[in-house]
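S.K.: Quick one, structure for this:
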Amino acid sequence: MSPLTQKLSSGANTPEPFSGGPLSDFEDKPIRGKAAAALLPALRRFEFPGKFRLLKHVSKPRSGCTVSTFPGGVRLHLDMKQRVEREYFQGLADLFELSLVRRFLASGGDAVDIGGYIGLWAITEARAVSGSGGRVLVVEPHPIHCQRIRENIELNGCTNVVVVDAAASDEAGFAKLAVLHEEGSGWSTLSSKSELPPIAQLDVRTTTVDAEVARYRLEPSFVKIDVEGWELAVLRGMTQTLARRPVICCELGVETAVPVAKQLEPREYVALRVDRRRLVRRLAAGWSNVFFVPSERLSEIPRRLVHD
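M.R.: This is a model prediction of the structure:
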């Protein structure tokens, strides 16, 4: 049993400070050393055809820690032992989606970030609304991620972010959070229908989006939901927030895409799935990011990005 598994299984919820050694254990790929070090920052900034194929040939570290910079000046502490953070390091970090987030928040309002992981989306949101006096509410149940979000918030000098240590659901109380995968432990959920077996469970507090929005007196114009199959419960707990007509972005899987779309359709939300660098009006069979846009806010998206 690894240290992380032992720690979570024992119920010890107090995270240790983020720390780690220099980058190491580099892959044996054709593009390595100084060439890779020069190329990777550009890959974190730009999207282009063939980027994924190029990345297959670029050596990246599999251990150690670093600070990397992303579009908009966002800086993050990254742990190369975590698969998701290795993808961030390579530039596979939802760059297209984040460009849309900045567009939706350009007119002001607050943001709500459900499932914050280490804070890439939250800090992007915080920077987008800082000029208009907006704030960001992050709801994250995993104690280690909560600490890392706070460290990255401090790294970026953001003073307009509130982190709530809880899981968003349809009622306040307590629940078991299943940690699904150790290498990339951002994969955690309250859902019992996950495709992956849990490696550990944590006792966490639950709350609703409506309760936290009211508590902090927010006016959300954008909501991000990344909860690995628990989206319907989150939506049931945000009916008052939905009345404010925020744009919503959800990461959805096979079992949740259609039910979530059906729940939002009567409220005149239009589903637009991210397909590389465009938005399509069709849901997919696999995992994908989907923007649900109030019909009256569709004009905020350039027409060239939307395809049938």
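S.K.: burial of residue 31, as a residue count?
M.R.: Counted with other C-beta atoms under 10 Å, the neighbours of residue 31 add up to 16. Backbone N, C-alpha and C define where each C-beta goes, glycine included.
S.K.: so it makes contact with residue 59?
M.R.: Yes: counting by C-beta atoms under 8 Å, residue 31 does reach residue 59; the two are 6.3 Å apart.
S.K.: Show me where the chain has its helices.
M.R.: Ranges of helices in the chain, per DSSP state H, are 3-9, 33-43, 51-55, 83-90, 95-104, 120-130, 143-155, 209-216, 231-236, 239-242, 257-264.
S.K.: wait, which of the ones you listed is closest to residue 222?
M.R.: If you check each of the helices of the chain against residue 222 by C-beta to C-beta, helix 95-104 wins as the nearest, at 5.0 Å.
S.K.: relative to helix 33-43, how tilted is that closest one?
M.R.: Using axes from the mean of the first three to the mean of the last three C-alpha atoms, to 10 degrees, the inter-axis angle of helix 95-104 relative to helix 33-43 is 40 degrees.
S.K.: do you know how far residue 180 is from residue 254?
M.R.: Going from residue 180 to residue 254 by C-beta to C-beta, to the nearest Å gives 16 Å.
S.K.: I meant residue 75, not that one.
M.R.: Here the criterion is C-beta to C-beta. By it, residue 75 lies 35 Å from residue 254.
S.K.: what about residue 83, how many neighbours?
M.R.: Neighbour count for residue 83, taken as other C-beta under 10 Å: 16.
S.K.: Make 4 the starting number, not 1.
M.R.: In the new numbering, first residue 4, that becomes residue 86.
S.K.: Please identify which of residue 183 and residue 257 sits among more neighbours.
M.R.: A side-by-side neighbour count of residue 183 and residue 257, using other C-beta under 10 Å, places residue 183 first with 21 against 13.
S.K.: Quick check: that one touching residue 231?
M.R.: Yes: counting by C-beta under 8 Å, residue 231 is a contact partner of residue 183 at 7.1 Å.
S.K.: Residue 294 reaches residue 283, doesn't it?
M.R.: No: Residue 294 lies out of contact with residue 283 (C-beta under 8 Å); the separation is 10.7 Å.
S.K.: what touches both of those two?
M.R.: Residues touching both residue 294 and residue 283 (C-beta atoms under 8 Å, 6 or more residues apart in numbering): 275, 276.
S.K.: neighbour count winner among the two?
M.R.: Neighbours were counted for residue 294 and for residue 283 using other C-beta under 10 Å; residue 294 has more, 22 against 18.
S.K.: okay, how far is it across stretch 77-96, tip to tip?
M.R.: End-to-end distance for stretch 77-96, by C-alpha to C-alpha, to the nearest Å: 12 Å.
S.K.: That one: which residues count as buried?
M.R.: Buried residues in stretch 77-96, counted by 16 or more other C-beta atoms under 10 Å: 77, 79-96.
S.K.: try stretch 270-279
M.R.: By 16+ other C-beta under 10 Å, the buried positions in stretch 270-279 come out as 272, 273, 274, 275, 276, 277.
S.K.: Name all residues that make contact with the residue nearest to residue 79 when sequence neighbours are not counted.
M.R.: Leaving aside its chain neighbours, residue 79 sits nearest to residue 155 (5.3 Å; criterion: C-beta to C-beta, 6 or more residues apart in numbering). Residues in contact with residue 155 (C-beta under 8 Å, 6+ apart) are 78, 79, 80, 121, 122, 126.
S.K.: No further questions, thank you.
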